[in-house]
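Visitor: For reference, the sequence and a predicted model appear below.
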Amino acid sequence: MARGRALLAVLAVLIAASAQHLKREASFTISLRAADNITVTIKLKPGVLPACLIRVKSGPRPELKIRPGENVTLSFTCNTPEKYLMMEIQKNIDCVSGPCPFGDVHLYPPGLPRLNRIFIWDVKASTKAGLELKFSAPLRQIQPGEMCPDLVSYNINSCIDKATVNIGTFCRNGSVSRVKLLGGVIMSLHLPWNLTVATSGFNIANRSSIKRLCIIESILKGESSIMLMSPNYPLGFPEDELMTWQFVVPSNMRASVFFHDYSLSNCERKEERVEYYIPGSVSNPEVFKLSDSQPANIAGSFNMSLQGCDQDAQNPGVLRLLFQVIVQHPQIDESCVGLRWCESRIYSLSVPKTITQLPVQLHKFIWKLIAPEEINIEITSPSLKLRQHLPEQNCNTSYSYSIISATPETEMNVGIFCPGGAIEKIQLRNNITISLKTFGKGFLNESNHQDLKMSFVPHIKDECTFTVSPDSKAKTYLQTPNSHYGLPPYVSISWYIIVPSKQVARLGFSTDRMGITCETGRAYVNIKEQMPGAEETVRREDELLPQPRNMHYNFWVNISNCKPVDPMQLSLKFWVTFVEKQIDLAVIVGVLAGFGVLAAIGLTVCCIKKKKKKSQNPMVGVYNTNVNTQMPGKQRLFKKDRKTNESHVYAVIDDAMVYGHLLKESNGSVTPEVDVYQPFDGPMGSLPPSPPPFSFRKDVKHSPNTEEPPLLAETDHDAYTFAHQKSGELEDNGEGNAKNNGDTSMSLLENKERDSLEE
């Protein structure tokens, strides 16, 4: 029994030794056809000691090269040759002297040892033609030294004459679908020893000359982010070369470009730059410096090109570029299907979290807001409000907004704003661009509190309207847009200032004049409180601006420009402060005294009325019965006859006795004070005051220290006129007023009564 067990142990050892010997002696036969022009090289990995060799008939060796047409059988001297050895399979393709084998590229020869493999295709082609590498599964470019997760990588080199340029190294699972090259190409595929791959994953096609180093096409589907770099990165881009990236983006997505690393060479001629070709843009190509902020929110597909320069031979420097393209859904992805629907929508203008969470600092984010012609855009900041960046009130936040209003012909810089101010909303008539710019790392924390909103509003008459609710404890400064270049000609801007009920606003201008002379039209400053019957203060460009004044109600400030004489520019700044309302003791005394006077007048009227009725001899009110007091074509005003009612009897007060101390004597006659009241029939609060139309403004000289009367709109209401006169002077004074005032101080009914008295 023990002898049997010993025999079995000996047999097991012999079998294991035999298997080990067989494994070590496993052989491979590699046969290469001469027509395929393929060379196979097996060699030690870089930096590895020769612990495993290649055994052929002539003996073990550290490297073996099998040329086209040869047939070689080999084995290895170790059990794990993949740890020490690697294999290169290179195929040379000559497209200059003969036809190119275009189409799918196959992995040949089959039956190779399980080693790390590098398949190399060296394609020689004329610079008058182009080659295209098309990948069945898109690739992702990686930086030098970076490894692909599955250890499968592609490396592309461009060969022009004797110069070789490394286009880049790529992994699987990306967005790069095609690479077009000028001249020849060296394409390599790196495969790990334990991975079995049936195809190369790309094909080669012939293309006409692309007239540049290369074109890299990237197809971006859905929200995504890719990193790309210039050829030879981080070494220098070839001198005076041109290359292009083509980005295929769905039309409903938006792409933004961010430069993360770049350097410039020392140019003798030309200038290094990037150019963008955006389909539909009127300014193609759009040229940017590498130091500029690159385009953002690009709608759909676009091209980006990198152009080198002629470098200084003694100190060429290095041109390199590492950049990122981010594709995401637009912040406003719905189209307006009706004005009411558009006006009911509110959109948030905040930087997406996918951007703020990137490992690099955000420098600028841009929104381009486009409204249909029938409606305009409104920007609000409900909780934070906006502060206009001015020397008197600098922005000390981690970010700011630059707002530009633009038409196809012109643009106007509305201003720079930051959170923490008094501006509740801004309404703009044209399409606008809002650029958020960050300052330092504090934006990462403050980005969570962004509250900028956008909505569509009905058409506004001014170019821009601000709604301002100033801080009652601070001085708020406001300035006209386009301050560096002046308000554009014929542009009107309005501010609606909200005044708290228990406070009084103090309004003042930083200068005493507008500082311009008009070549065409007139420039105006209009100020008007929001209250019935409020007077409107109007100043022209040739007049002094109003002195600081108190405003007790919400009020409008409107500034409208003319066409100034060159090089004058209209730029105005004004300020608003608040104080608590105080009840003046003199006002109280005056009110009480007024009540006393009214009571005395009422008592006097009663007494005189009784006296006049008792005597039945009124001083005025006698009428001529032969005069027709009814207006032609109208129903009678009184149902009773003039004889049967007392509508023609007037209780007349002796003016000299009651009002004598209030009337001014002139040459023994009394000139009555006449006041005309006409009610305001316009809307209050929804629209700013308007200066006269440019084509109808009269060049009338006004005293700079007196306010122009408010412009009165036409109305169907009657104008009521009241006058007190002595009985003996009725006829003379009535005629005098008619001559001097054009009879504008008498109503039609009063004229009829006067005619009756005269007759």
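Guide: Noted; the coordinates are in hand. Here the structure is a predicted model, which means the values were calculated and not measured.
Visitor: What score does P109 have for pLDDT?
Guide: We have a pLDDT of 89 for P109.
Visitor: In which helix or strand does it reside?
Guide: Here P109 sits in a region with no helix or strand, counting by DSSP states H and E.
Visitor: and the gap between it and T196?
Guide: Computed as CB to CB, to the nearest Å, the P109 to T196 distance reads 15 Å. All C-beta spots, glycine's among them, are computed from the backbone N, C-alpha and C.
Visitor: between the two, who's got more neighbours?
Guide: Neighbours were counted for P109 and for T196 using other CB atoms under 10 Å; P109 has more, 15 against 6.
Visitor: Tell me who's in contact with that one.
Guide: Residues in contact with P109 (CB atoms under 8 Å, 6 or more residues apart in numbering) are I30, S31, L32, D36, I38, V40, I89.
Visitor: now the first one, which residues is it bridged with?
Guide: Spelled out, it's I30. In this entry, I30 is beta-bridged to V72, by DSSP bridges.
Visitor: Hmm, S75 and it touching each other?
Guide: No: judged on CB atoms under 8 Å, I30 makes no contact with S75 at a distance of 11.9 Å.
Visitor: neighbour count winner among these two?
Guide: Set I30 next to S75 and count neighbours by other CB under 10 Å: I30 wins out with 21 against 17.
Visitor: if we can go back for a sec, quick check: the farthest pair among the contacts of P109?
Guide: Using CB to CB, the two most remote members of the contacts of P109 are S31 and I89, lying 13.2 Å apart.
Visitor: Compare neighbour counts for these two and give me the winner.
Guide: I89 (23 against 13).
Visitor: residues of stretch 152-169 that come out buried?
Guide: 152-160, 165, 167-169 (16 or more other CB atoms under 10 Å).
Visitor: actually stretch 113-121, sorry about that
Guide: For stretch 113-121, burial by neighbour count (16+ other CB under 10 Å) applies to P113, L115, N116, R117, I118, F119, I120, W121.
Visitor: same deal with stretch 57-67?
Guide: L64, I66.
Visitor: so how far is the first residue of that stretch from its last?
Guide: By CA to CA, to the nearest Å, the extent of stretch 57-67 from end to end equals 16 Å.
Visitor: Can you list the neighbours in contact with it?
Guide: Contacts of stretch 57-67 (CB under 8 Å, 6+ apart): 30, 32, 39-44, 50, 53-54, 56, 72-74, 77.
Visitor: If you rank those by neighbours, which is first?
Guide: Within the contacts of stretch 57-67, I42 tops the neighbour count with 25 neighbours, counted by other CB under 10 Å.
Visitor: Per-residue pLDDT of that one, please?
Guide: Looking at I42, its pLDDT stands at 95.
Visitor: Can you tell me how far it is from C267?
Guide: For I42, the distance to C267 - CB to CB - is 47 Å.
Visitor: again, but for E409
Guide: Applying CB to CB, the value for E409 to C267 is 35 Å.
Visitor: quick one, which of those two is more surrounded?
Guide: Using other CB under 10 Å, the more surrounded residue of E409 and C267 is C267, with 18 against 5.
Visitor: Go ahead and confirm E223 touches T354.
Guide: Yes: using CB under 8 Å, E223 makes contact with T354 at a distance of 7.3 Å.
Visitor: so what's in contact with those two at the same time?
Guide: Q328.
Visitor: Next, I434: secondary structure please.
Guide: On the three-state scheme (DSSP: H, G, I helix; E, B strand; the rest coil), I434 is labelled strand.
Visitor: got a list of what it touches?
Guide: I434 is in contact with L349, I366, W367, L369, I379, Y401, S402, I403, I404, L452, counting by CB under 8 Å, 6+ apart.
Visitor: Of those, which is the nearest to A125?
Guide: Closest to A125, out of all of the contacts of I434 and judged by CB to CB, is I366, at 42.0 Å.
Visitor: The closest one: neighbour count?
Guide: Residues within reach of I366, counting by other CB under 10 Å, total 15.
Visitor: OK, contacts around it?
Guide: Residues in contact with I366, defined by CB under 8 Å, 6+ apart, are A296, N297, T433, I434, S435, L436.
Visitor: neighbours around the spatially closest residue to P330 that is not a sequence neighbour, how many?
Guide: Spatial nearest neighbour of P330, chain neighbours left out: R254 (4.7 Å); criterion: CB to CB, 6 or more residues apart in numbering. R254 sits with 21 neighbouring residues when counted by other CB under 10 Å.
Visitor: farthest pair in the contacts of stretch 57-67?
Guide: Across the contacts of stretch 57-67 (CB to CB), the longest gap, 25.1 Å, separates L32 and P50.
Visitor: Which secondary structure element of the protein has the lowest mean pLDDT?
Guide: Ranked by mean pLDDT, DSSP states H and E, the helix or strand of the chain with the weakest confidence is strand 720-721, at a mean of 33.
Visitor: circling back: among the buried residues of stretch 152-169, name the least confidently predicted one.
Guide: For those, the weakest pLDDT value sits at I160, with 81.
Visitor: And the strand ranked longest in the chain, how far out from the chain middle?
Guide: When the chain is parsed with DSSP state E, its longest strand is strand 129-142. Here strand 129-142 shows a centroid-to-chain-centroid distance of 36 Å under the convention CA atoms, centre = their mean, to the nearest Å.
Visitor: switch to numbering from 523
Guide: New numbering, starting at 523: the last item is strand 651-664.
Visitor: what about the helix or strand following that strand, distance to the chain center?
Guide: Downstream of strand 651-664, the next assigned helix or strand under DSSP H and E is strand 675-682. Chain-centre distance of strand 675-682: 41 Å, with CA atoms, centre = their mean.
Visitor: coming back round to it: possible to save the contacts of P631 as JSON lines with distance to V1098?
Guide: Converted to JSON lines, those look like this (distance: CB to CB, whole Å):
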{"residue": "I552", "distance to V1098": "89"}
{"residue": "S553", "distance to V1098": "92"}
{"residue": "L554", "distance to V1098": "89"}
{"residue": "D558", "distance to V1098": "86"}
{"residue": "I560", "distance to V1098": "84"}
{"residue": "V562", "distance to V1098": "85"}
{"residue": "I611", "distance to V1098": "80"}
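Visitor: A1027: which of the residues you listed is nearest?
Guide: Of all those, A1027 sits closest to I611, with 84.4 Å by CB to CB.
Visitor: Using the three-state scheme, assign the closest one.
Guide: Counting by three-state DSSP, the backbone at I611 sits in strand.
Visitor: Next one: it from T551, what distance?
Guide: Distance from I611 to T551, by CB to CB: 15 Å.
Visitor: Repeat that for T561.
Guide: According to CB to CB, T561 stands 17 Å off from T551.
Visitor: swap in G706?
Guide: Noted for G706: a distance of 33 Å to T551, by CB to CB.
Visitor: Ok, C917 next?
Guide: Relative to T551, and taking CB to CB, C917 is found at 77 Å.
Visitor: again, but for R1028
Guide: According to CB to CB, R1028 and T551 sit 100 Å apart.
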